[in-house]
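Peer 1: Need a 3D model of the following:
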Amino acid sequence: MPQSQPRAKRKKQRSSAFKRLPKGPNGGIELLLIQNVDNLGKQGEVVEVRPGYANNYLLPQGLATFATEHHKRMVEKHRAQLLKIEKARLAHLQGLADALGKQSITIEARANEEGHLYGSVGASDIVAELKKNDFQLTPNQIRLEGPLKELGLYTVRVRVHHEIEADLKVWVVPDSSDIPPAS
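Peer 2: Coordinates of the predicted model:
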């Protein structure tokens, strides 16, 4: 019997910890977004999410905080400044997208006589080639419908931001070691 009492006390302590979370009208947890979160909302918005999503992802990653009245007032107070910062960031990203649109990269790959590649060219190959031209992107930002398996010119979508995309010209050419010397 003495063992069951501490367990009951622990349950009360845990449940009281969850009661402190601000509940929304639909029973979820109300959070204030610190950063933009895809498919959820933009910075400064109050959103309602399930407790697991809040406790396991948004709060530990620093993407959101509890939507207290104090935090809501602070965001309203600084909303103009936040908009100005976000516009400057979007302008920078739009400039990056414009520069990517003017860019054309060449990737050498081993191919047979018909132009079929022995391997394939993927997002990581494109990112590595862009890195040589001082563009810092991640493979997640490259939108390929599938790996490039033939020689030729491809137009690849690059997602710089969830609202900004650019088209990049990618030339897949035969590896210089594969070309027989001219006689």
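
Peer 1: pLDDT score for Leu148?
Peer 2: Turning to Leu148, the model gives it a pLDDT of 90.

Peer 1: how about the nearest residue to it, chain neighbours excluded?
Peer 2: Among residues not flanking Leu148 along the chain, Val121 sits closest, at 4.1 Å (CB to CB, 6 or more residues apart in numbering). C-betas here are computed from N, CA, C, even on glycine.

Peer 1: and if you look at Ser124?
Peer 2: Closest to Ser124 by CB to CB, 6+ apart is Pro139, at 4.9 Å.

Peer 1: Contact partners for the one you found?
Peer 2: 122-124, 126-127 (CB atoms under 8 Å, 6 or more residues apart in numbering).

Peer 1: What separation is there between it and Leu117?
Peer 2: From Pro139 across to Leu117, the span is 18 Å (CB to CB, to the nearest Å).

Peer 1: Please apply the same query to Glu108.
Peer 2: Taking CB to CB, one finds Glu108 at 11 Å from Leu117.

Peer 1: before we move on, the earlier item: which of the contacts of Pro139 ranks first by neighbour count?
Peer 2: Ile126 (24 neighbours; other CB atoms under 10 Å).

Peer 1: And what about that residue, helix, strand or coil?
Peer 2: helix (DSSP: H, G, I helix; E, B strand; the rest coil).

Peer 1: With adjacent residues omitted, what lies nearest to it?
Peer 2: Ile142 (5.3 Å).

Peer 1: so how many other residues sit close to Gly62?
Peer 2: What Gly62 shows, counting by other CB under 10 Å, is a neighbour count of 9.

Peer 1: Correct me if wrong: Asn26 contacts Glu48.
Peer 2: Yes: here Asn26 reaches Glu48: they are 5.8 Å apart, a contact under CB atoms under 8 Å.
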